[in-house]
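Visitor: return atomic coordinates for the entry below.
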Amino acid sequence: MATRFPSDHPLRGTAWVWPELYMYLYNHFAQFRRDFELTELPTGAEAILWITADKSYRLYVNGRFVCRGPARGYQSHWPVDEVDLSAYLQLGHNWISIEAYNPGISTFCYLHAAKAGLLCVPGPGAGAAGGPLFEAWNASQWMMRRSPGHATQTARLSLQIDFQEHLDLRRDDRSWISDERPPEPGSWNPRMFPESAQNFLSVPFGQPPFDDIEPRGIPLMREELLRPSHVIAAAGGPSDAGYQTCQNVSWHWVAESEKIGKWQPGDTVEAVLTDDALELTIEPTGEGRFAAYVIEVGQYVLGNVIVEIEGATGGEIVDFQHDQPVDESHPRYMKIGDGCTVAMANRLRLRAGYNAHEFYQLMGFKHLTLIARDVTERLTARVRIHTAGYPITMGGVFESSD
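Guide: Residues are numbered from 1 along each chain as shown. I've put the predicted structure just below:
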């Protein structure tokens, strides 16, 4: 077992925080933001941040992605990540943005203990008057909220893991991550609790289920951006009834795909490779119809999709189906309900104009099908893959004829 943090460690003086109580944790995406000023840039141990979340988090500093974590663990000795922020900080105004997630249920890779929490503490730092980057705080000092754009009632990605992500970008444009100016004061306070009751959203350190913490024990994941290679095939047709409200967008799509008479080759799609993305044109479909584009990633990956879409009028639906095998002309989708009820798909509803999103859950796939629905004007979509994996380096190759 990894060495525990000593009793006088800065982590011991803080609290776990979350924007809602345990009754509301089902498929819960939480958002946190902290703004602070630096009069000098910290170095070494001064720029350390200790961070963890039950179940998981993604950390951004000044709009730049830093890392995700923690390693898998148990609440009785939950793992904490130690992150060096020196490459991300700047003189003057700084801000930390954190996405966190708790499924609210136990899965094959996580045991739910009826609570959720974020724990985040800076090192000694070089902040105001030589103090830490920012003071450790409780719930009343956080800007935090449940994601206003994420649907809670979505299908499971499979029997073993978490839920599909259905996000309405008209309700959350993610500017709270990228914009230097913070959201309006008070706009993020959880609506169901008055300010005087914010202590209910904090769990004192050492109180069950968070009995203790320990260092991560393994390196942070190696994360890279990957550009898909090309479009394999395309097709179109009428959307089946219920497409706007279906909880399982994967199974809905698989049922629709069986009715496609013929897939067109990928070279019929207007698509180009940019420096870091595959850019394709989504042709208008009309209301109640879809256009599907099968994208070759180029290799098997564990990662999540990053997509930018321009030209939306608002309300268009864009689904993403993740798959591995492909027949000669189109994906070979798994039959509905087979294979541990696999349903690897996510959904976006677009706002007018420019849209951008990076999906949260890591998935394994080699091919991605983008299904655009209710499109009335041409859209331009740029797709990238954010991969993550253990940072091993191949030291040699062994080959055998037998």
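Visitor: can I assume Trp253 sits in a helix?
Guide: Yes - when the secondary structure is assigned by DSSP: H, G, I helix; E, B strand; the rest coil, Trp253 falls within a helix.
Visitor: ok, how many other residues are close to it?
Guide: When neighbours are counted by other Cβ atoms under 10 Å, Trp253 registers 25. (Glycine included, C-beta is placed from N, CA and C.)
Visitor: distance of it relative to Val17?
Guide: With distances defined as Cβ to Cβ, to the nearest Å, the gap from Trp253 to Val17 amounts to 38 Å.
Visitor: tell me how many other residues surround Gly92.
Guide: 8.
Visitor: an error on my part: the question was meant for Tyr360.
Guide: Neighbourhood size, Tyr360 [other Cβ under 10 Å]: 19.
Visitor: was I right to think it contacts Tyr101?
Guide: Yes - at 6.0 Å, Tyr360 counts as touching Tyr101 under the criterion of Cβ atoms under 8 Å.
Visitor: which residues do those two both contact?
Guide: In terms of Cβ atoms under 8 Å, 6 or more residues apart in numbering, Tyr360 and Tyr101 are both contacted by the residues Phe29.
Visitor: and the helices in the stretch 201-350 of the chain?
Guide: In the stretch 201-350 of the chain, the helices defined using DSSP state H, counting those that start in this stretch lie at 249-257.
Visitor: Leu201 contacts Glu20, doesn't it?
Guide: Yes - contact status for Leu201 versus Glu20: in contact at 7.4 Å, counting by Cβ under 8 Å.
Visitor: now for the helix or strand of the chain with the lowest mean pLDDT, which elements pack on it?
Guide: For the chain, counting by mean pLDDT, DSSP states H and E, strand 202-204 ranks last in confidence among helices and strands (a mean of 77). Applying 3 or more Cβ pairs under 8 Å, 6 or more residues apart in numbering; DSSP states H and E, one finds that strand 202-204 contacts strand 15-17.
Visitor: and the nearest residue to Ser257 once chain neighbours are set aside, how close does it get to Arg156?
Guide: Of all residues not flanking Ser257 in the chain, Tyr333 sits nearest, at 5.8 Å (Cβ to Cβ, 6 or more residues apart in numbering). Counting by Cβ to Cβ, the separation of Tyr333 from Arg156 is 17 Å.
Visitor: again, but for Trp176
Guide: Using Cβ to Cβ, one gets 28 Å for the distance from Trp176 to Arg156.
Visitor: what of His367?
Guide: Distance of His367 to Arg156, computed by Cβ to Cβ: 21 Å.
Visitor: where do the helices sit along the stretch 1-150 of the chain?
Guide: Using DSSP H, counting those that start in this stretch, the helices of the stretch 1-150 of the chain do not appear at all; there are none.
Visitor: returning to what we had before: off-centre distance for the least confident helix or strand of the chain?
Guide: Between the mean C-alpha point of strand 202-204 and the mean C-alpha point of its chain there is a distance of 25 Å (Cα atoms, centre = their mean, to the nearest Å).
Visitor: from now on call the first residue 404
Guide: Got it, the first residue is 404 from now on, which makes the last one we talked about strand 605-607.
Visitor: that one pairs with which strands?
Guide: Sheet pairing here is set by DSSP bridges, and for strand 605-607 it gives strand 418-420 (antiparallel).
Visitor: distance from the chain centre to the partner strand, please.
Guide: Centroid separation for strand 418-420 versus its chain: 21 Å, with Cα atoms, centre = their mean.
Visitor: residues making contact with it?
Guide: Among residues not part of strand 418-420, those counted as contacts by Cβ under 8 Å, 6+ apart are 435, 457, 518, 520-522, 541-542, 545, 547, 604-608, 613.
Visitor: of all those residues, which comes closest to Arg630?
Guide: Top of the list for closeness to Arg630, among those and by Cβ to Cβ, is Phe435 at 30.6 Å.
Visitor: burial count for that closest one?
Guide: Applying other Cβ under 10 Å, I find that Phe435 has 23 neighbouring residues.
Visitor: who's in contact with Ile454?
Guide: By Cβ under 8 Å, 6+ apart, the residues touching Ile454 are 460, 462, 472-473, 483-484, 486, 501, 521-524.
Visitor: for it, give its distance to Leu522.
Guide: According to Cβ to Cβ, Ile454 and Leu522 sit 7 Å apart.
Visitor: what's the domain layout of this protein?
Guide: Listed by automatic domain parsing, the domain ranges of the chain are 413-550+578-621, 626-792.
Visitor: out of those domains, name the one with the poorest average pLDDT.
Guide: When these are ranked by mean pLDDT, domain 413-550+578-621 comes last with a mean of 85.
Visitor: skipping adjacent residues, who's closest to Arg735 in space?
Guide: Counting by Cβ to Cβ, 6+ apart, the residue nearest Arg735 is Pro728, at 4.5 Å.
Visitor: state the distance from the one you found to Ala636.
Guide: Here the criterion is Cβ to Cβ. By it, Pro728 lies 14 Å from Ala636.
Visitor: over to Lys662?
Guide: Shown here: Lys662 relative to Ala636, a distance of 15 Å by Cβ to Cβ.
Visitor: before we move on, what about Glu423?
Guide: Per Cβ to Cβ, Glu423 is found 43 Å from Ala636.
Visitor: tell me which of these two has more neighbours.
Guide: Shown here are Glu423 and Ala636; by other Cβ under 10 Å, Ala636 has more neighbours (26 against 20).
Visitor: show me the contacts for that one.
Guide: With Cβ under 8 Å, 6+ apart as the criterion, the residues that contact Ala636 are 666-669, 696-697, 732-733.
Visitor: can you add neighbour count and distance to Leu628 and give those residues back as TSV?
Guide: Supplementary listing: these in TSV, determined by neighbours: other Cβ atoms under 10 Å; distance: Cβ to Cβ, whole Å:
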residue	neighbour count	distance to Leu628
Trp666	20	29
Gln667	15	29
Pro668	11	27
Gly669	18	22
Tyr696	26	20
Val697	24	21
Ser732	14	29
His733	20	27
